[in-house]
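Asker: quick one: sequence and predicted model below, then my questions.
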Amino acid sequence: MSALTVKLGSLLLRTLAKPLATSIKNQAKQHPSFKKFCIDVAQTYHRAETNMKMRFLDYKVEGNVRPLNDVRAVELGANFLSEALVFGVAVITVVGETVRQTRKSSKQKTAVEESLETLKEEHAVSQEVLKELADSVKALKTQVEGLQNELEARRQSHKSAPSSSWSLW
């Protein structure tokens, strides 16, 4: 899949998450079971937030935290769930992109390593051929020197040999 397709898909997902978050807020006010769930989420969130603030400011936490009224709790719970949805979509998009990039770089690394291995093998073969050629050149030089020595010996033998009347040279 191309990078453009992935990026457009993630943008579409994030765009669709916002109206879905708004729908969550509206549904929380209309459906009794979802309304109760939002109230429970909001009360838990409110207790945790208040306790953290009190501990952070070094206040003594005495007893239970006073709960929110139902209207405020529904609003807070719906906001929390909708923001959690948008955040979750963003996290999934970032993680997906990271995984995709990791796979892509892993494939590139593998391709580079394979190319490097192929080049090393080709270099080794080239070195062997070069050594064989060097050995052949050395053997040919030895043969040429032998032939030159033989030619020189024949020239010397012709110069020192008595000239005969039959010789055309």
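Answerer: Arrived safely, thanks for sending.
Asker: tell me the mean pLDDT over the longest helix along the chain?
Answerer: For the chain, the longest helix by residue count, based on DSSP state H, is helix 70-160. Mean per-residue pLDDT for helix 70-160: 91.
Asker: burial of the closest residue to residue 79 other than its chain neighbours, as a residue count?
Answerer: Nearest residue to residue 79, sequence neighbours excluded (Cβ to Cβ, 6 or more residues apart in numbering): residue 25, at 6.9 Å. For glycine as for every other residue, the C-beta is placed from the backbone atoms N, C-alpha and C. Neighbour count of residue 25, defined by other Cβ atoms under 10 Å: 16.
Asker: one more: the one 10 residues further on?
Answerer: Counted with other Cβ under 10 Å, residues neighbouring residue 35 total 18.
Asker: tell me which element it falls in.
Answerer: Per DSSP states H and E, residue 35 falls inside helix 32-56.
Asker: in that helix, what counts as buried?
Answerer: 34, 35, 37, 38, 39, 41, 42, 43, 45, 46 (16 or more other Cβ atoms under 10 Å).
Asker: got it, and stretch 9-27?
Answerer: Those would be 10, 17, 21, 24, 25, for stretch 9-27 by 16+ other Cβ under 10 Å.
Asker: which one among those residues gets closest to residue 134?
Answerer: Using Cβ to Cβ, residue 10 is the member of the buried residues of stretch 9-27 that lies nearest residue 134, at 59.5 Å.
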